[in-house]
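In: coordinates for the following, if possible.
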Amino acid sequence: MDTLPAPKPHRGNMEKKWIQILENRFGSLEAPNYSFVLDEIAQKRYKRIVDEICKKCTVQEDTDENYDISFGYILSFPSGDKYLLRISMVGPFAFLVQLGIDGSVSKPILRGLTHDKIGIEIIELVESHGIFLLDAEILNADFPRLRKYRKPLYQWLFVDEGRAPWS
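Out: Below you'll find the model as predicted:
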């Protein structure tokens, strides 16, 4: 699958690049084609990443092929820390959030914006496989903004329905 690198938030043509990425995968944004989902699940494209993470913690698959357009993994560390990692089937994009004991969910964790040692380890591992971690600002943005079928980028990349877990 040919994908473009994640558009940088400061570029003026960011929306145009995201639309190009989405149209490359879905065909039409007005009538998206989700037929790639079952193929992605069968290919197990991210098995190496999951195998590496399994060496550090317990990994529970959290992917629903009926609603998700991403692979979801709940990561439980011996320290009691828990995280949710979602890797998009649309392209090499992911987000990582920390799950609180009380059910709370952090905003996506990014390199340089966290001092959490475990979070940084996961980020480094994911990025070493060429996957771009995205922040809440990008994921909460509606795309395409000027069209009737717009929705948050989170829904285009990870879960077709519902709100982002940190919302």
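
In: the residue nearest the centre of the chain pairs with what?
Out: The geometric centre of the chain, computed from its C-alpha atoms, lies nearest to residue 94 (C-alpha atoms, centre = their mean), at 2.9 Å. For residue 94, the beta-bridge partners are residue 87, residue 133 (DSSP bridges).

In: for it, give me its contacts.
Out: 70, 85, 86, 87, 88, 126, 131, 132, 133, 134 (C-beta atoms under 8 Å, 6 or more residues apart in numbering). Yep, even glycine has a C-beta here, placed from its N, CA and C like the rest.

In: got the confidence number for it?
Out: At residue 94, the pLDDT value in this model is 97.

In: same question, the one 4 residues further on
Out: On pLDDT, residue 98 comes in at 95.

In: I'd assumed it was in a strand, is it?
Out: Yes - when DSSP: H, G, I helix; E, B strand; the rest coil is applied, residue 98 is found to be in a strand.

In: that one bridge partners, please.
Out: The partner residues for residue 98, given DSSP bridges, come to residue 83.

In: my guess is it contacts residue 119. True?
Out: Yes - under the criterion of C-beta atoms under 8 Å, residue 98 makes contact with residue 119 at 6.6 Å.

In: mind listing the shared neighbours of these two?
Out: Joint contacts of residue 98 and residue 119 (C-beta under 8 Å, 6+ apart) are 83, 109.
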